[in-house]
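*Asks:* just coords:
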């Protein structure tokens, strides 16, 4: 008999129409070429999709050898296949993206929770373990520079362990830098920074041959292929245009609500998140309950366009 894994996943994003959605942390500005991209996807839908050439072009654009995946989620499952058979101990910060723990449970790994700091996590690293670290972290948006990550990176190297850096939101961090190291796997996605979560396209930096050996064939469909074509052609100009707009609005929200974040989302203590989310939903506004992150008093909300942020600020004040 097949038995289900007893672990319920919680994610942001509206599941019904008509709500002003601040729960999903996405770029509110879509690329100018999005309609043209979908027309291209329609033409591609009549054949099987092979993206090795695009993967090579993307690697050249980024300057590192990458493995294209169906978002970070596929990369996490590939990590389970590749690493959790031999490395049975998985170390995860207490307040972070819950999918790390879910993957570990699926692959029967031992899960150790530690405080959300590189120093505290470093103390828990044992020989040949796996450490998950979201940078900037979800849900609080705190970014750690390579210098601040150094104790954790050193502990991983000393124990022949693996550091999995989830950099899903690093495009939203001003002047962000990513650390280097032989025992580091970096997970990145385009779906957040381009505001198209349904496209499901991301990439992995590190251990390229290993990831490609277990990757599912055709996991990127015609929409994902067309998206990659346009991203490569665009050379990240869309991000260069829109990120300053998001940073400006984030600073305005921080001042108005007395909150702080390095990413495109923020959290606020509202007492009882469950009740608060229900109240906001009645007003047509969706924010994220942070209970699944172990923070039942907090809600998370993203930075959107100015007129939308005005509505959010008014209600949260």
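*Replies:* Done, it's in. Predicted model, so just to flag it, every value in this text is computed and none were measured.

*Asks:* gap between the most centrally placed residue in the chain and residue 64?
*Replies:* Nearest residue to the geometric centre of the chain (Cα atoms, centre = their mean): residue 168, 3.1 Å. Remark: distance between residue 168 and residue 64 (Cβ to Cβ, to the nearest Å) = 17 Å. In short, each C-beta sits where N, CA and C put it, glycine included.

*Asks:* likewise residue 182?
*Replies:* 14 Å.

*Asks:* With neighbour numbers in mind, choose between these two.
*Replies:* Set side by side, residue 182 and residue 64 show more neighbours around residue 64, with 15 against 8, by other Cβ atoms under 10 Å.

*Asks:* in the stretch 51-200 of the chain, which spans are strands?
*Replies:* Ranges of strands within the stretch 51-200 of the chain are 66-69, 89-93, 110-114, 130-134, 162-166, 184-189, based on DSSP state E, counting those that start in this stretch.

*Asks:* Could you export those as a markdown table, including distance to residue 302, mean pLDDT and mean neighbour count?
*Replies:* Formatted as a markdown table, the strands of the stretch 51-200 of the chain follow (distance: least, Cβ to Cβ, whole Å; pLDDT from 0 to 100; neighbours: other Cβ atoms under 10 Å):
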| stretch | distance to residue 302 | mean pLDDT | mean neighbour count |
| --- | --- | --- | --- |
| strand 66-69 | 23 | 96 | 24 |
| strand 89-93 | 21 | 95 | 24 |
| strand 110-114 | 26 | 95 | 15 |
| strand 130-134 | 16 | 97 | 27 |
| strand 162-166 | 17 | 97 | 24 |
| strand 184-189 | 15 | 97 | 23 |
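
*Asks:* so who does the residue nearest to residue 201 when sequence neighbours are not counted touch?
*Replies:* In this structure, residue 201 finds its nearest non-sequential neighbour in residue 224, 4.5 Å apart by Cβ to Cβ, 6 or more residues apart in numbering. For residue 224, the contact set (Cβ atoms under 8 Å, 6 or more residues apart in numbering) comprises 49, 51, 70, 199, 200, 201.

*Asks:* can you count the residues close to residue 73?
*Replies:* A total of 18 residues lie near residue 73 under the criterion other Cβ under 10 Å.

*Asks:* And for residue 109?
*Replies:* Neighbour count for residue 109, taken as other Cβ under 10 Å: 20.

*Asks:* In the stretch 51-200 of the chain, what residue spans correspond to helices?
*Replies:* For the stretch 51-200 of the chain, applying DSSP state H, counting those that start in this stretch gives helices covering 52-62, 71-83, 99-106, 118-124, 146-158.

*Asks:* looking at this, residue 311 is in a helix?
*Replies:* Yes: residue state for residue 311 (DSSP: H, G, I helix; E, B strand; the rest coil) corresponds to a helix.

*Asks:* any idea how far it is from residue 21?
*Replies:* Taking Cβ to Cβ as the measure, residue 311 falls 12 Å from residue 21.

*Asks:* which regions of the chain lie under the pLDDT threshold?
*Replies:* Filtered on pLDDT under 70, the chain yields the residue ranges 1-17.

*Asks:* and this protein, what are its domains?
*Replies:* Listed domain ranges for the chain are 20-30+237-316, 34-234 (source: automatic domain parsing).

*Asks:* Just the endpoints, please. Distance across the shortest one?
*Replies:* Going back to what we said before, that points to domain 20-30+237-316. The stretch domain 20-30+237-316 measures 14 Å between its terminal residues, going by Cα to Cα, to the nearest Å.

*Asks:* Just give me how far that domain sits from the chain centre.
*Replies:* Distance of domain 20-30+237-316 from its chain centroid, counting by Cα atoms, centre = their mean, to the nearest Å, is 16 Å.

*Asks:* Same question for stretch 144-151.
*Replies:* Centroid separation between stretch 144-151 and its chain, computed with Cα atoms, centre = their mean, is 19 Å.

*Asks:* what comes into contact with that stretch?
*Replies:* The contact list for stretch 144-151 (Cβ under 8 Å, 6+ apart) reads 118, 119, 122, 133, 135, 136, 137, 153, 177, 178, 179, 180.

*Asks:* Relative to residue 288, which of those is nearest.
*Replies:* For these, the closest approach to residue 288 (Cβ to Cβ) belongs to residue 137, at 14.2 Å.
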